[in-house]
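Trainee: mind folding the following:
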Amino acid sequence: MRLLRLRQKNFRNLSSPLFAPGAGLTTIVGGNAQGKTNLLEAIELVLGGELRNGMTERIAFGESEAWVHAEIETQFGNSRLEVRLSREGREHKLNEAPASLRELSQLPGAVLLGPDDLELVLGPPEERRRFLDLLLSRFSARYRAMLGQYSRALQQRNALLKSAPPRKEGGALQASIGVWNQELVKYGSEILSLRRRMLSKLTPLAREAYRELAPGELSLELFETTDPERFLQALEDNLPDDLQRGATSVGPHRDDLTIRLSGREAARFGSRGECRSIALALRLAEHRLLWQHYEEAPLLLVDEWNTELDARRRRALLEYAQSLPQAILAGLETPGGGAVVEIEAGVWG
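Mentor: Predicted structure coming up:
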């Protein structure tokens with residue numbers, strides 16, 4: 001997929017209205033806080049991506065709304081995308097018609113790599129669950145819907161747990177919680193099964209990507225608080241503890257992704273450079289998996305492309321980016337090839 005043109009208004013501190021990168025490699029070069037990250041985020045967002053933090057933070061100070069418009073080229077022709085941000089949320093359009101994230105997921109979209117990806121290795125389990133859930137949601141609209149249903153059932157069960165008197169497990173309470181247990185199992189068991197299937201496809205690609213970056217054997221494994229077959233029994237067995245905690249202690253909302261490098265847990269024993277390489281390998285594996293799925297490469301976006309990477313890792317990243325129909329990098333310096341766009345105070349030229 002290629003981004004042909006991007007227009008924006010009132011998106012964070014960006015001032016130039018039009019960005020039109022060519023095919024191949026483009027590098028956005030500028031100092032700190034000049035708008036490089038904002039431009040990449042605008043591209044990611046209009047293509048249907050999910051960003052951390054609130055959408056209202058992407059609206060320029062003093063403005064009530066912002067919009068980003070993109071024209072893209074895929075193997076099926078050209079499309080027009082638009083996202084409008086306001087205090088009430090965001091609205092997407094595809095070819096001038098209102099569109100959902102489910103509809104946008106039919107396009108290859110983009111994969112954004114950046115310094116914050118280090119949290120995939122060193123951050124809390126929520127970061128790794130989010131990574132898996134967002135990736136699976138791009139493959140399966142059903143998975144996205146199940147996550148929503150599971151979340152609602154979890155909120156209801158937790159509300160009952162918090163409102164119950166300590167150490168009380170009366171018949172009425174048991175019956176009410178039993179209803180939400182069934183809902184959690186209904187959606188959660190399939191979520192657990194699909195995560196396993198996804199990881200079986202992602203792991204070999206991540207292992208291959210890491211070998212290209214650095215020595216060592218990367219392995220990924222789901223750390224599950226229960227398995228699909230025992231989920232209901234686990235909820236019932238843990239009810240006394242859950243009543244004490246006021247929260248549900250087992251299920252896919254509590255699971256994690258264990259990352260090991262050469263047999264050792266990366267978060268505990270890996271150097272910062274190794275953890276950075278693992279995060280990069282996960283994103284490159286995501287890109288390759290989506291490429292296989294769509295039979296077309298998603299747009300690759302890389303923020304601070306040379307941060308904390310040695311010569312070997314930079315070379316491997318650049319070789320991959322240069323092999324794609326289009327890749328957009330941002331950083332303090334150029335890689336020495338491709339087109340260069342300089343940016344200062346949100347203005348590029």
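
Trainee: and residue 143, how far is that from residue 24?
Mentor: From residue 143 over to residue 24 the distance is 34 Å, taken as Cβ to Cβ, to the nearest Å. C-beta here means a position set from N, CA and C on the backbone, and glycine is covered the same way.

Trainee: what about the two, which has more around it?
Mentor: Each of residue 143 and residue 24 has its neighbours counted (other Cβ atoms under 10 Å); residue 143 has more, 20 against 16.

Trainee: so the more buried one, which state does it fall into?
Mentor: Three-state call for residue 143 (DSSP: H, G, I helix; E, B strand; the rest coil): helix.

Trainee: just the pLDDT for it.
Mentor: The score at residue 143 is 94. That number is its pLDDT.

Trainee: that one contacts residue 134, doesn't it?
Mentor: No - using Cβ atoms under 8 Å, residue 143 makes no contact with residue 134, being 10.2 Å away.

Trainee: where does this protein have low pLDDT?
Mentor: Residue ranges of the chain with pLDDT under 70: 166-171.

Trainee: can you map out the helices along it?
Mentor: All helices of the chain, identified by DSSP state H, fall at 36-46, 101-104, 119-122, 125-139, 141-163, 171-213, 231-237, 239-245, 266-269, 272-294, 311-322.

Trainee: just name the most buried of the ones you listed.
Mentor: Of all the helices of the chain, helix 36-46 has the most neighbours on average by mean count of other Cβ atoms under 10 Å, namely a mean of 23.

Trainee: name the residues of stretch 70-86 that come out as buried.
Mentor: Of the residues in stretch 70-86, 70, 72, 79, 81-85 count as buried by neighbour count, 16 or more other Cβ atoms under 10 Å.

Trainee: tell me which two in those are the farthest apart.
Mentor: Pairwise distances across those peak at 20.0 Å for 79 and 85 (criterion: Cβ to Cβ).

Trainee: returning to what we had before: now the helices of the chain in JSON lines, with distance to residue 54?
Mentor: What follows is the helices of the chain, written out as JSON lines (distance: least, Cβ to Cβ, whole Å):
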{"stretch": "helix 36-46", "distance to residue 54": "12"}
{"stretch": "helix 101-104", "distance to residue 54": "17"}
{"stretch": "helix 119-122", "distance to residue 54": "18"}
{"stretch": "helix 125-139", "distance to residue 54": "15"}
{"stretch": "helix 141-163", "distance to residue 54": "18"}
{"stretch": "helix 171-213", "distance to residue 54": "25"}
{"stretch": "helix 231-237", "distance to residue 54": "33"}
{"stretch": "helix 239-245", "distance to residue 54": "29"}
{"stretch": "helix 266-269", "distance to residue 54": "27"}
{"stretch": "helix 272-294", "distance to residue 54": "23"}
{"stretch": "helix 311-322", "distance to residue 54": "30"}
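
Trainee: how about those, which one is nearest residue 20?
Mentor: With Cβ to Cβ, the closest approach to residue 20 among the helices of the chain belongs to helix 36-46: 11.9 Å.

Trainee: elements contacting the closest one?
Mentor: Helices and strands touching helix 36-46, by 3 or more Cβ pairs under 8 Å, 6 or more residues apart in numbering; DSSP states H and E, are strand 2-9, strand 24-29, strand 65-74, strand 77-86, strand 110-113, strand 299-303, strand 326-331.

Trainee: what's the angle between the fourth one and strand 2-9?
Mentor: This points to strand 77-86. Taking axes from the mean of the first three to the mean of the last three Cα atoms, to 10 degrees, one finds that strand 77-86 is oriented at 30 degrees with respect to strand 2-9.

Trainee: same thing with the third one?
Mentor: Compare the direction of strand 65-74 with that of strand 2-9 by the same axes, to 10 degrees and you get 170 degrees.

Trainee: direction included, what does strand 65-74 pair against?
Mentor: According to DSSP bridges, strand 65-74 forms sheet pairs with strand 2-9 (antiparallel), strand 77-86 (antiparallel).

Trainee: need the contact partners of that strand.
Mentor: Contacts with strand 65-74, where a contact means Cβ atoms under 8 Å, 6 or more residues apart in numbering, come from 1-12, 42-43, 45-47, 58-60, 78-87, 107-108, 296.

Trainee: hang on, residue 44 packs against residue 104?
Mentor: No - under the criterion of Cβ under 8 Å, residue 44 makes no contact with residue 104, lying 11.8 Å away.

Trainee: distance to residue 320 added to the helices and strands packed on helix 36-46, as a markdown table?
Mentor: Shown next, in a markdown table, are these (distance: least, Cβ to Cβ, whole Å):
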| stretch | distance to residue 320 |
| --- | --- |
| strand 2-9 | 17 |
| strand 24-29 | 11 |
| strand 65-74 | 20 |
| strand 77-86 | 25 |
| strand 110-113 | 11 |
| strand 299-303 | 8 |
| strand 326-331 | 8 |
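
Trainee: for residue 340, which of those is the nearest?
Mentor: Closest approach to residue 340 among the helices and strands packed on helix 36-46 (Cβ to Cβ): strand 24-29, 5.3 Å.

Trainee: other SSEs contacting that closest one?
Mentor: Under the contact criterion of 3+ Cβ pairs under 8 Å, 6+ apart, strand 24-29 touches helix 36-46, helix 311-322, strand 326-331, strand 339-344.
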